[in-house]
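J.: fold the following, please.
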Amino acid sequence: MEIVEFAVPGTKRFAIATIGDIQWNGDPDEINCSGLEQYIQRAIDANAYFVGHGDYIDFASPSSRARITGSGAYDGPLKKMDDIAMELTHQVYNRFLKPTKGRWAGALEGHHFWQMKDGTTTDMELCRLLGTTHLGTEAVIEWVINNPRAGAGNRLRFQTWHHHGWGSGEESAMLLRLKKVAADWDGVSGFFIGHATKVATTIIPKLSAVVGRKHHALVERRVLLAGTGGWSKGKVVGRRDGRVPRGGYVERGGLRPVSLGAPLVDVVVESLKTGYTDASGNRERHIVIALEARNR
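T.: Numbering: from 1, shown residues only. Sure, this is the predicted structure:
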């Protein structure tokens, strides 16, 4: 579990962009390359800051890593594996993510990565290239923003929770999983998971009862639940294993098509009248931060 603070530069309105499940294997036909490039440009145009959600390369799943490292292979073949995995990582950075450098709040570890002999991983190397923090398995990010409405110090804060994801790929199951996670956390404004390659989002309301001098009120805090999508195609026309016409695991398993794309989440700061008065008889105003998802 990692908890990090990320200070957003300036006072401009901004967005949160999530990138994960690229699963780059070196074959551009198996990735929605143009869609990912367009999403990154839209995010930059929206003054977005990025959070990585794992599976940036498609090199080795947990079971594959266990078989390879437990095979008894000599140092030479394992060094070659290191070189291939690092090359794929640098390809992802140079082909897609380089324009985003300096705009990252952090990046999670996924299921698909490679661990080198020195203990570092390809996810850690990608974070080094991007100049950001490796967030490990699960993370809470506290976003610190400058805003004139905040009064003294002009600084507002809100939190988001992030995980690569696990379990079923159905939208309903993913959102139900996030609702259960959200029930365990106070004060978090958004919950994000990847893995399922789904872009489903929803809002759940959290209510507070506020007692004023003359009036009482309910104050609503809107909490965003979001799947972070993905960019690796589930079905590819003309796909081959060598010379054999053969689909990938989505086709072979009879799975549903993946949801190519990712949400772009606008961060909106609002001044809200609550309807009750304080001890001095003044109408109270609250600063509310809302997350609004634009799904691709």
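J.: buried residues in the host helix or strand of residue 4?
T.: Element membership for residue 4, per DSSP states H and E: strand 2-7. Across strand 2-7, burial judged by 16 or more other Cβ atoms under 10 Å covers residue 6. Any C-beta I mention is one placed from the backbone N, CA and C, and that applies to glycine too.
J.: and it, what does it pack against?
T.: Secondary-structure packing of strand 2-7 (3 or more Cβ pairs under 8 Å, 6 or more residues apart in numbering; DSSP states H and E): strand 104-108, strand 134-136, strand 138-146.
J.: so which of those is the most packed in?
T.: Among these, strand 104-108 has the highest mean neighbour count (mean count of other Cβ atoms under 10 Å), at a mean of 24.
J.: what mean pLDDT does it get?
T.: Per-residue pLDDT over strand 104-108 has a mean of 98.
J.: now that strand against strand 138-146, angle please.
T.: If you take axes from the mean of the first three to the mean of the last three Cα atoms, to 10 degrees, strand 104-108 sits at 170 degrees to strand 138-146.
J.: which strands and helices lie in contact with strand 104-108?
T.: Using 3+ Cβ pairs under 8 Å, 6+ apart: strand 104-108 touches strand 2-7, strand 48-52, helix 122-130, strand 134-136, strand 138-146, strand 155-163.
J.: may I see these arranged in a markdown table, with mean pLDDT and distance to residue 181 as well?
T.: Shown next, in a markdown table, are the helices and strands packed on strand 104-108 (pLDDT from 0 to 100; distance: least, Cβ to Cβ, whole Å):
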| stretch | mean pLDDT | distance to residue 181 |
| --- | --- | --- |
| strand 2-7 | 97 | 16 |
| strand 48-52 | 98 | 16 |
| helix 122-130 | 97 | 22 |
| strand 134-136 | 98 | 16 |
| strand 138-146 | 95 | 10 |
| strand 155-163 | 94 | 7 |
